[in-house]
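*Asks:* the following block contains a protein sequence and its predicted model.
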Amino acid sequence: MNLVHELAKMIDHSLLHPTMTDAELRKGCDISRQYNVASVCIKPYAVAEAVEWLRDSEVRVGTVIGFPHGNSAVGIKVAETLQACRDGATEIDMVVNIGKVLQEDWDYVRDEIKAVTEATHAHGGLVKVIFENDYLTEDTHKIRLCEICSELGADFVKTSTGYGFVKGEDSRYGYLGATEHDLKLMRHHSAPSVQVKAAGGVRTLDDLLKVREWGVTRVGATATVAIIEEAKRRYTNDFTQGTLATDDTPGY
């Protein structure tokens, strides 16, 4: 596997922005096929269509559960997971109940992650547990989540949804996404079998290479075309950009 291919296989092409139309979702799947990324992470209702659009490709289809705020009841998250798996999803990105994490109701959090992980694994899928770190101000909360995910056999821990906006002192909303501090912390406190996914803020090839050095094996990205085209130019002297010259995928 050459380096450009290795880098493409780190990318989950994100197709989650609420404004995205069916035509834009289809275009995003076409981009994912052309660049042979690891997966698309698509809105739940469109999983079955994405499976058809990506048929005969190596690109996996994933979706989100309890997205973006993690507030759904455990039973609803499991039902969402089962529906997604029946529709053909092989990767499930679930958002934890953030309030329960902040109040350190670890029995609830553990039971929730366990239920979704077991439902996903029963269908042969991979589960990624989203912490939404912008809302977790204490490292102890992130560390405990890493420990629980390791105990339960989750496949990935993931920093963010990309939509966890926090109100600043100037009353404007923003987010940090995947920070160096959090990625290194999550890698250090997760079992070796648990991979780390960075989401939010990985927009360039240099961003991708940087998080790779920190032990990240997957990223959520919307700037897939720019990242891989730059990798081709840098590592293969390939200055052709193919038929999809631009990627206007909205999102983080």
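*Replies:* Sure thing, it's come through.

*Asks:* quick one: find the helix or strand in the chain with the lowest mean pLDDT.
*Replies:* strand 173-174 (a mean of 84; mean pLDDT, DSSP states H and E).

*Asks:* tell me which residues are up against it.
*Replies:* 165-168 (Cβ atoms under 8 Å, 6 or more residues apart in numbering). (C-beta placed from N, C-alpha, C; glycine too.)

*Asks:* now, which of those residues lie within helices?
*Replies:* Among those, the subset assigned to helices under DSSP state H is empty.

*Asks:* for these, which single residue is the most surrounded?
*Replies:* Counting neighbours by other Cβ atoms under 10 Å, the top entry in the contacts of strand 173-174 is Phe165, with 14 neighbours.

*Asks:* which non-adjacent residue is nearest that residue?
*Replies:* Tyr173 (4.0 Å; Cβ to Cβ, 6 or more residues apart in numbering).

*Asks:* count the residues that sit near that neighbour.
*Replies:* So Tyr173, with other Cβ under 10 Å, has 10 neighbours.

*Asks:* mind listing the helices for the stretch 101-250 of the chain?
*Replies:* Under the criterion DSSP state H, counting those that start in this stretch, helices of the stretch 101-250 of the chain are mapped to 106-122, 139-152, 180-189, 205-213, 224-236.

*Asks:* right, so of the ones you listed, which gets closest to Ile65?
*Replies:* Proximity to Ile65 (Cβ to Cβ) singles out helix 106-122 among those, at 6.3 Å.

*Asks:* list the buried residues of the closest one.
*Replies:* For helix 106-122, the neighbour count (16 or more other Cβ atoms under 10 Å) marks 108-110, 112-117, 119-121 as buried.

*Asks:* tell me the span between the first and last residue of stretch 212-221.
*Replies:* 14 Å (Cα to Cα, to the nearest Å).

*Asks:* who touches it?
*Replies:* With Cβ under 8 Å, 6+ apart, stretch 212-221 has contacts from 7, 10-14, 38, 41, 128, 156, 158, 162, 178, 180, 183-184, 187, 195-200, 202-203, 208, 211, 227, 252.
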